[in-house]
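**Q** I'll drop the sequence and a predicted model, then ask my questions.
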Amino acid sequence: MAVLVITGTGTEVGKTIATAALAATARAAGRSVAVLKAAQTGVGPDEPGDAAEVARLAGDVTAAELARYPDPLAPATAARRAGRAPVHPADVAETAAKLATEHDLVLVEGAGGLLVRFDPAGGTLADAAELLAAPVVIVAPAGLGTLNTTELTARELRRRGLAPLGVVIGSWPAAPGLAARCNLADLPEVAGAPLLGALPEHAGRLAPTAFRAASPGWLAPRLDGTWDAESFTVREGARG
């Protein structure tokens, strides 16, 4: 698994922090890591973007982004409004493949959900994943509404011949409600793929050293971690 694509079911679901945890866990396992942000929106020229945040939390990783646009919009729209060239799926795939020749693992983080448009032709992260023939991790929220968006994302991946590797819950609440607790059993069913981790809420607020030390405990062995989905589901599902 030289390249791993990380998509969210939407915006603000914990995708960047999950990517940082993936990077930190891989580094703890002794692997060299690069993080590629396909298109960064909503930040100025001198502001740190998502790739920089991953590097801050995860430590010694190569951080790269293909383009950035100031408006917090879908990349195709943000590029048009800024009068700048868009990012194309082929650009993402080419850069990720090059990084993979120099690193053990390349994490490609999308912008928002799987089908957010990069360019006027309708190119998406899903197209880049197809070109790379790369496995995809779905980062999903814990609570109400996540089953629909997770299943839609998984169905689109399968339609393209890209079975999802699994689901990571981007922010698990300290006091989970009924929907979140039930979703522990339902998410893998609707995704047709296993739960591969759950990050505690506000994980990104930890000091980098604490974040790196804790990350393997948030992710399953398939992602180099020690997190056990069955015991987590039994323990957390019984709360309340």
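**A** Received the coordinates, thanks.
**Q** the helices in this structure, which residues?
**A** Shown for the chain, the helices assigned by DSSP state H span residues 15-28, 50-58, 75-82, 89-100, 125-132, 146-159, 178-191, 208-214, 229-237.
**Q** In a markdown table: those, plus mean neighbour count, mean pLDDT and distance to residue 118.
**A** No exception for glycine: its C-beta is placed from N, CA and C like everyone else's. Formatted as a markdown table, the helices of the chain follow (neighbours: other CB atoms under 10 Å; pLDDT from 0 to 100; distance: least, CB to CB, whole Å):
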| stretch | mean neighbour count | mean pLDDT | distance to residue 118 |
| --- | --- | --- | --- |
| helix 15-28 | 27 | 98 | 16 |
| helix 50-58 | 22 | 97 | 15 |
| helix 75-82 | 20 | 96 | 5 |
| helix 89-100 | 19 | 97 | 6 |
| helix 125-132 | 23 | 97 | 7 |
| helix 146-159 | 18 | 97 | 16 |
| helix 178-191 | 18 | 96 | 24 |
| helix 208-214 | 15 | 98 | 29 |
| helix 229-237 | 14 | 94 | 32 |
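**Q** Can you add distance to residue 64 and give those helices back as a markdown table?
**A** Shown next, in a markdown table, are the helices of the chain (distance: least, CB to CB, whole Å):
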| stretch | distance to residue 64 |
| --- | --- |
| helix 15-28 | 13 |
| helix 50-58 | 6 |
| helix 75-82 | 16 |
| helix 89-100 | 7 |
| helix 125-132 | 14 |
| helix 146-159 | 24 |
| helix 178-191 | 29 |
| helix 208-214 | 19 |
| helix 229-237 | 31 |
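**Q** The ones you listed: which one's closest to residue 41?
**A** helix 75-82 (4.5 Å; CB to CB).
**Q** Can I get that closest one as PDB, trimmed to CA atoms?
**A** Provided in PDB are the C-alpha atoms of helix 75-82 (Å, rounded to 0.1, in the frame of the first residue of the first chain):
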ATOM      1  CA  PRO A  75     -11.700  23.700  -5.600                       C
ATOM      2  CA  ALA A  76     -13.100  24.200  -9.100                       C
ATOM      3  CA  THR A  77     -15.200  27.200  -7.900                       C
ATOM      4  CA  ALA A  78     -12.400  28.600  -5.800                       C
ATOM      5  CA  ALA A  79     -10.000  28.400  -8.800                       C
ATOM      6  CA  ARG A  80     -12.400  30.100 -11.100                       C
ATOM      7  CA  ARG A  81     -13.100  32.900  -8.700                       C
ATOM      8  CA  ALA A  82      -9.300  33.400  -8.200                       C
END
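**Q** Quick check: the gap between residue 26 and residue 80.
**A** Distance, residue 26 to residue 80, by CB to CB, to the nearest Å: 35 Å.
**Q** pretty sure residue 50 is touching residue 107, no?
**A** No: when contacts are counted by CB atoms under 8 Å, residue 50 is not listed as touching residue 107 (10.9 Å).
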